[in-house]
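sequence first, then the predicted structure:
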Amino acid sequence: MGHSERYIEDVKQWFGEFKKQFKHVNNKELQTKISSFAEFLDSRDKERISTDLLALHEQVKKLYDTGVRFAEEVGGTELYQEIRRVGIGQHTLPPLPYDYDALEPYISEEIMRLHHDKHHKSYVEGLNKAEKMMEKARDTGDYDLLKHWEREAAFHGSGHYLHTIFWNVMKPKGGGMPGRDLLRQINRDFGSFEVFKRHFSEAANKVEGVGWAILVWSPRAGRLEILQSERHQLLTQWDTIPLLVLDVWEHAYYLQYKNVRADYVKNWWNIVNWDEVDHRYREASKLQWKQY
Ligand SMILES: [Fe+2]
């Protein structure tokens, strides 16, 4: 498939999701825009007009902007329910995408059974428990054990999310090379596939104690990076995207607030830029993996 066919396919898929999200919304302007966009796509198909990609892109942008504007006007309540979500404490163990013995001789069946059925399962259970306990704290206003449950949520959450990625980035008769686009990016950021492989392997070998080697895409730097994670987490959940952050290092408040961090935290809410947080949420929520 060439670039333009793929773009058109992507647009069709996006439009399907868009229609689904707005199907209950009774707004004439929006529904008119949706049907004229559908006609636009249809006419291209039927009459085999070679699609002018720029024109198509313009249409997509217009429809998207209308959707965003509309979602903002109604305050999101009914619309955002359409975004898929795992309920609090409702994570499930994803099935292995192949048989337990499929990765032999490189990883034995015995390891895979233990690793998936016992270890990964316990991360799912631990994460569910932590989420429920944090919900309980919100309900009761009793945050005494919050530090413990945050720790648990990070440990088990990262364990669950990383293992879910891990099973899927392996397959029987795998190996070889990445696809063209990723390979080009690897060459750009590391020099060559061989150098990348060496760096990644060294990172894995040198993790202190237990943990992971992780190749990440940084939307900020616009490049790939290789990171290590000791244990799973250090209080973060891998595979999540930060939306709102508050710096509580002493350098952020000590000169003014001395050791009264709580005052700084309380006052900080007066200067939050929700436009930016909204924007980050809108962009981040477009990325949805299959849920477990
Ligand atoms: Fe593991």
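Alright, I've got the coordinates. Numbering: from 1, shown residues only.

now do stretch 108-123: distance to the chain's middle.
24 Å (C-alpha atoms, centre = their mean, to the nearest Å).

buried set for it?
112, 115-116, 120, 123 (16 or more other C-beta atoms under 10 Å). For the C-beta atoms, the positions are set from N, CA and C on the backbone; glycine is no exception.

just the residues contacting it, thanks.
93, 96, 100-101, 103, 155-157, 159-160, 163-164, 167 (C-beta atoms under 8 Å, 6 or more residues apart in numbering).

now which of the residues you listed would you call buried?
93, 96, 100, 103, 155-157, 159-160, 163-164, 167.

what helices or strands is the longest helix anywhere in the chain leaning on?
With DSSP state H setting the assignment, residue counts place helix 146-168 as the longest helix in the chain. Identification of packing neighbours for helix 146-168 by 3 or more C-beta pairs under 8 Å, 6 or more residues apart in numbering; DSSP states H and E yields helix 121-140.

and if we set it to 10 Å?
helix 121-140, strand 211-218 (3 or more C-beta pairs under 10 Å, 6 or more residues apart in numbering; DSSP states H and E).

taking helix 146-168 as reference, get the angle to the longest one.
Here helix 121-140 runs at 140 degrees with respect to helix 146-168, directions being taken by axes from the mean of the first three to the mean of the last three C-alpha atoms, to 10 degrees.

what residues are up against Lys132?
88-90, 149 (C-beta atoms under 10 Å, 6 or more residues apart in numbering).

ignore what I typed, I meant Val260.
253-254, 266.

which PyMOL command selects the buried ones in the residues you listed?
Listed next is the PyMOL selection for buried residues among those, using 16+ other C-beta under 10 Å:
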select buried, resi 253
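
and which of the contacts of Val260 is nearest Ser285?
Ser285 has its nearest neighbour among the contacts of Val260 in Lys266, at 28.6 Å by C-beta to C-beta.

what helix or strand is that closest one on?
For Lys266, the host element (DSSP states H and E) is helix 261-268.

need the CA coordinates for the helix or strand just after that helix. PDB is fine.
Using DSSP H and E, the helix or strand that follows helix 261-268 towards the C-terminus is helix 274-284. C-alpha atoms of helix 274-284 as PDB (Å, rounded to 0.1, in the frame of the first residue of the first chain):
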ATOM      1  CA  TRP A 274      -5.900  24.100  32.600                       C
ATOM      2  CA  ASP A 275      -5.800  25.100  28.900                       C
ATOM      3  CA  GLU A 276      -2.500  23.300  28.600                       C
ATOM      4  CA  VAL A 277      -3.600  20.300  30.700                       C
ATOM      5  CA  ASP A 278      -6.800  20.100  28.600                       C
ATOM      6  CA  HIS A 279      -4.600  20.200  25.500                       C
ATOM      7  CA  ARG A 280      -2.300  17.400  26.800                       C
ATOM      8  CA  TYR A 281      -5.300  15.300  27.700                       C
ATOM      9  CA  ARG A 282      -6.900  15.800  24.300                       C
ATOM     10  CA  GLU A 283      -3.700  14.700  22.500                       C
ATOM     11  CA  ALA A 284      -2.900  11.900  25.000                       C
END
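
and helix 274-284, how far out from the chain's middle?
14 Å.

contacts for that helix next, please.
By C-beta under 10 Å, 6+ apart, helix 274-284 touches 68, 71-72, 76, 80, 219, 240-245, 273.

looking at the residues you listed, which is nearest Leu56?
Distances from Leu56 to the contacts of helix 274-284, taken by C-beta to C-beta, are shortest for Val68, at 18.7 Å.

many thanks, we can stop here.
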